[in-house]
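Student: Here is the input, now give the coordinates:
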Amino acid sequence: MSFTPYKLINFNANYGAEVRQKLDLILEEIKANSLSVDILITDLNLTMDESRWLNNEVNQLKNAGREISLTLLDHHGSGEASAKKYDWYFLDVERCATKITYDYAKEHFEFNEPKWLESMVNVVNAVDLWKMQEESNFEYGKVCMRLINETRELNRVMFHDYDNNYKLSLLLEAAKYVNEENAPIMLDEKIHKLKKDFFKTEEDNTLDNLATKYIVKLLGKLRATHTIYYKGYKGFLSYGVGNTSIVGNGFLLTYPEYDFIVDVSYRGTMSLRANNKVSVSQISKEWTGGGGHPNAAGGRIIGFKEQYRYDKVKDQIQRIIDEKESRAGELVYKTE
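Tutor: Reported below is the predicted structural model:
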């Protein structure tokens, strides 16, 4: 799909605290880059407090001379109060957000619409609004929904753009079969292969191994911003990646200049791995009172606040490191 001459920057958010954090991130980017932009929000019903705050932020930017517009396209009935108060908040409970956005884009933007797009929009509309009477669209929509719900290989905080690309690539593949006979069954049987094909570079392997190799490569690209140091030891900090035994060990083998890797979960649990260069059991004990083995340990960060931005997570870990390093005394970490 071509949107030239428009430059698109995408952000995704679910509900709750993530909405405000992502809106904060959007505004920070606008302010930092002196951008003149159109903010288009879809499929999010903002609370009255969120709507009031966002309206004030955008007005401040306008008063500062920025060329900026705000549009929100929503289909949730719970957004009615905000829609009545703000003219930028458009509410239509008869169409899903995908269809509202599709119709809006056709009216306001120029793009080369592929032949399959309208069919896929109707599929999403049928399954999102649970229109079981539209049987073919509804059944295909169910399979597409599972296709996306099961794309858990890439962490969407650490690898935002790559995760978006992964999901969109799978939907583009799904679009090839939308008008085929027995399309739901056809797509259902292809899901595993489609996922493998995305991660495959050269040799075939299991999905787990292909995804691990892909993730380790992505982690390597983040070394400049995701490296931490503790008492002279070099570590890598990831967030919500999971599968630390496989991914962590793969990272340490690929990048031997690192002494350890630590992955923090959304709930504040830590998984640490090393490769005979430092005792992560000792590090975990000092950081959180946790423990384990010299090369594999874990713990829980008391008072950890779930974040949807990596920089906020790193700030919390850096405070722990600064606090522990400021205390007197040294311990021997190297494993024998």
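Student: The closest residue to residue 20 other than its chain neighbours in helix, strand or coil?
Tutor: Computed as Cβ to Cβ, 6 or more residues apart in numbering, the closest residue to residue 20 that is not its neighbour in sequence is residue 50, at 6.5 Å. Backbone N, C-alpha and C define where each C-beta goes, glycine included. The local conformation at residue 50, judged by DSSP: H, G, I helix; E, B strand; the rest coil, is helix.
Student: where does the stretch 151-300 of the chain dip in pLDDT?
Tutor: For the stretch 151-300 of the chain, no stretch is flagged by pLDDT under 70.
Student: Mind jotting down where the strands sit in it?
Tutor: 227-230, 233-239, 260-264, 269-274, 291-293, 296-300 (DSSP state E, counting those that start in this stretch).
Student: I'd like to know which of the ones you listed lies nearest to residue 323.
Tutor: strand 227-230 (11.4 Å; Cβ to Cβ).
Student: Name the residues of that closest one that come out as buried.
Tutor: 228, 230 (16 or more other Cβ atoms under 10 Å).
Student: go on, stretch 169-181?
Tutor: 170, 173-175, 177-178.
Student: would you list those residues in a markdown table and tack on distance to residue 322?
Tutor: What follows is the buried residues of stretch 169-181, written out as a markdown table (distance: Cβ to Cβ, whole Å):
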| residue | distance to residue 322 |
| --- | --- |
| 170 | 42 |
| 173 | 47 |
| 174 | 48 |
| 175 | 50 |
| 177 | 54 |
| 178 | 54 |
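Student: returning to that earlier point: how about the strands of the stretch 151-300 of the chain, which one is nearest residue 117?
Tutor: strand 233-239 (34.4 Å).
Student: Now do the closest one: which elements does it pack against?
Tutor: helix 223-226, strand 227-230, strand 260-264, helix 310-325 (3 or more Cβ pairs under 8 Å, 6 or more residues apart in numbering; DSSP states H and E).
Student: domains of the chain?
Tutor: 1-113, 216-325 (automatic domain parsing).
Student: With residue 198 as the reference, name the closest of those domains.
Tutor: domain 216-325 (13.1 Å).
Student: First-to-last residue distance for the closest one?
Tutor: Domain 216-325 has an end-to-end distance of 29 Å (Cα to Cα, to the nearest Å).
Student: State the pLDDT value of residue 29.
Tutor: Confidence at residue 29, expressed as pLDDT, is 88.
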